[in-house]
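In: would you be able to build a 3D model of this:
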Amino acid sequence: MPERAFTVVDLGGTTLRIARYCAGTNTVSDVRRMPTDGMARRPGASVSVLQSRVVEQLAVVAAEAVERHGSHALAVAFAGPVTADGRVVTAPTVWGERGAPLPLRHLLEERLGIPVVVVNDLTAAVWRYATGPDEQPFCLITVSSGIGSKVYRAGEVLLDAEGHGGELGHWTCDPSPYAPLCDCGGRGHLGGIASGRGMLAAARRAALADPQGYARSSLAEVAPDPELLDNAELVAAVRDGDALATAVLRGGLAHLASAVTSVFTSIGVRRYILMGGFALAVGPRYVQLLTEELERLGCFGLDSAEIRRMVELGAPDDDHGLIGAGRLLAATDDGRREVTAA
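Out: Prediction:
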């Protein structure tokens, strides 16, 4: 029997990744990366123009890959809310403003002539870790330039047909009028405060508020001007135990821990898997600090030992969306059955 292989795409605001997924080995190969033809490359372009550019780019590279891979189905993990029938509702990191819903699945099936599955990128990533309906429920949280989340329970990702749900990054955790802005334009959102981008902004604010404290920090050695500080330097300082960098991260993690306790107390999920460039770069130290904040806040009905078992790191790579999209496609009979969780 020939090997079951599919073409899978992970399309983000900065990078489009396309690969061959092997169902038998649950691995990806022929991974190719290119800049997404969205607003990062074309600042100032209208939403409709950017949508057309992204669809054209995706259709062209997918057609080439499908032929190269010998595959007969395509799965796309897309950075934005997606409906159950494959319409992209909005994509702040790809084309900015909301614009009209984009029927991406329909457009790609027309161009390619093969079954296509389109899901939210974090929804796809969930399927890398989901093994079946009897598995313990879990919440997958990504912490990178923003924050996203999805809950898996009883064999499905908890979303409605319009793609709503799993957006902890847009929970307003700071209602004050001067709270940091989120990339979506909202103020005080978790993603604008506790993401990698939010933590970097917080470190710069801390340096300006306490110049002497910053001067004593190892951050000042690598970035005398705090406005030139970058995430790699912040991560390294946290991993080395720098007091100022650690205090900044704790400030963001207090909000993330509050979000986790809300998920736990509302639906009882006791397992949290962390992925995303910022969280994985900080590594075990990130889990340790988040767990300490969870213990400080408390999780109703759990003791400290149970709380310490709640959080874990995901796989240390960036293949989550690709592998998850491939597994999801294989589970839908190569795209012939409808996806019920977008």
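
In: ranges for the helices of this protein?
Out: 47-69, 92-95, 104-112, 121-129, 190-194, 196-209, 211-216, 218-222, 231-239, 243-267, 277-282, 284-297, 304-308, 320-331 (DSSP state H).

In: pick out the shakiest of those, pLDDT-wise.
Out: Lowest mean pLDDT of those: helix 92-95, a mean of 82.

In: so what's the residue nearest to the spatial centre of the chain up against?
Out: Geometric centre of the chain, nearest residue: T142, 4.3 Å, by Cα atoms, centre = their mean. Taking Cβ atoms under 8 Å, 6 or more residues apart in numbering, we find T142 in contact with L122, A125, G148, S149, L274, M275, G276, A279. Glycine gets a C-beta too; all of them are placed from N, C-alpha and C.

In: who wins for most neighbours among the residues you listed?
Out: The most neighbours of any of those, using other Cβ atoms under 10 Å, belong to A125, which has 29 neighbours.

In: residues contacting that residue?
Out: Contacts for A125 were tallied using Cβ under 8 Å, 6+ apart; they are A77, L140, T142, K150, M275, H320, G321, G324.

In: now swap in V287 and tell me
Out: Neighbouring residues of V287 by Cβ under 8 Å, 6+ apart: L274, V311, E312, L313.

In: Q288: which of those is nearest?
Out: Taking Cβ to Cβ as the measure, V311 is the one of the contacts of V287 closest to Q288, at 9.1 Å.

In: just the pLDDT at the closest one, thanks.
Out: According to the prediction, V311 has pLDDT 98.

In: that one reaches Y272, doesn't it?
Out: Yes. At 4.9 Å, V311 and Y272 qualify as touching, with contact defined as Cβ atoms under 8 Å.

In: name the residues contacting each of those two.
Out: Listed as contacting both V311 and Y272 by Cβ under 8 Å, 6+ apart are V260.

In: thinking again about what came up before, any chance of the contacts of T142 in TSV, with distance to S218 too?
Out: Shown next, in TSV, are these (distance: Cβ to Cβ, whole Å):
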residue	distance to S218
L122	33
A125	33
G148	31
S149	32
L274	25
M275	27
G276	24
A279	21
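
In: ok, of the residues you listed, which one's closest to A23?
Out: A125 (17.3 Å).

In: spatially nearest residue to that closest one (excluding sequence neighbours)?
Out: H320 (3.8 Å; Cβ to Cβ, 6 or more residues apart in numbering).

In: so the one you found sits against G326, correct?
Out: No. Between H320 and G326 there is no contact under Cβ under 8 Å: 11.1 Å.

In: tally of neighbours for the residue nearest to A125?
Out: Neighbour tally, H320, other Cβ under 10 Å: 25.

In: now A232
Out: 10.

In: ok, it - contacts?
Out: A281.

In: against G277, how distant is it?
Out: A232 sits 10 Å away from G277, going by Cβ to Cβ, to the nearest Å.

In: now do L74
Out: For L74, the distance to G277 - Cβ to Cβ - is 26 Å.

In: so A23 sits right up against F6, yeah?
Out: Yes. At 7.2 Å, A23 and F6 qualify as touching, with contact defined as Cβ under 8 Å.

In: surely V9 touches A325?
Out: Yes. Counting by Cβ under 8 Å, V9 sits close enough to A325 to count as a contact (7.2 Å).

In: burial of H170, as a residue count?
Out: So H170, with other Cβ under 10 Å, has 17 neighbours.

In: isn't it right next to G186, touching?
Out: Yes. Judged on Cβ under 8 Å, H170 makes contact with G186 at a distance of 6.5 Å.

In: before we move on, back to that, which of A23 and F6 has more neighbours?
Out: Between A23 and F6, F6 has the larger neighbour count (other Cβ under 10 Å), namely 28 against 16.

In: partners of that one in the sheet?
Out: Y21 (DSSP bridges).

In: what's near enough to touch it?
Out: Contact analysis of F6 by Cβ under 8 Å, 6+ apart lists R20, Y21, A23, H69, S71, A73, L74, A75, G326, L329, A330, D334.

In: okay, now the spatially closest residue to A259 that is not a sequence neighbour: neighbour count?
Out: Distances taken as Cβ to Cβ, 6+ apart put L168 closest to A259, at 5.0 Å, once the chain neighbours are dropped. L168 has 25 neighbours, counted by other Cβ under 10 Å.

In: for L168, give me its contacts.
Out: I141, I147, G148, S149, L190, A259, V263.

In: try 6 Å
Out: Taking Cβ atoms under 6 Å, 6 or more residues apart in numbering as the criterion, L168 is in contact with S149, L190, A259.

In: so the second one touches D174, yeah?
Out: Yep, that's L190 we're talking about. No. Between L190 and D174 no contact is recorded; they are 8.7 Å apart, counting by Cβ atoms under 6 Å.

In: give the buried subset of the contacts of F6 as a PyMOL selection command.
Out: Remark: buried members of the contacts of F6, expressed as a PyMOL selection using 16 or more other Cβ atoms under 10 Å:
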select buried, resi 20+21+23+69+71+73+74+75+326+329+330+334
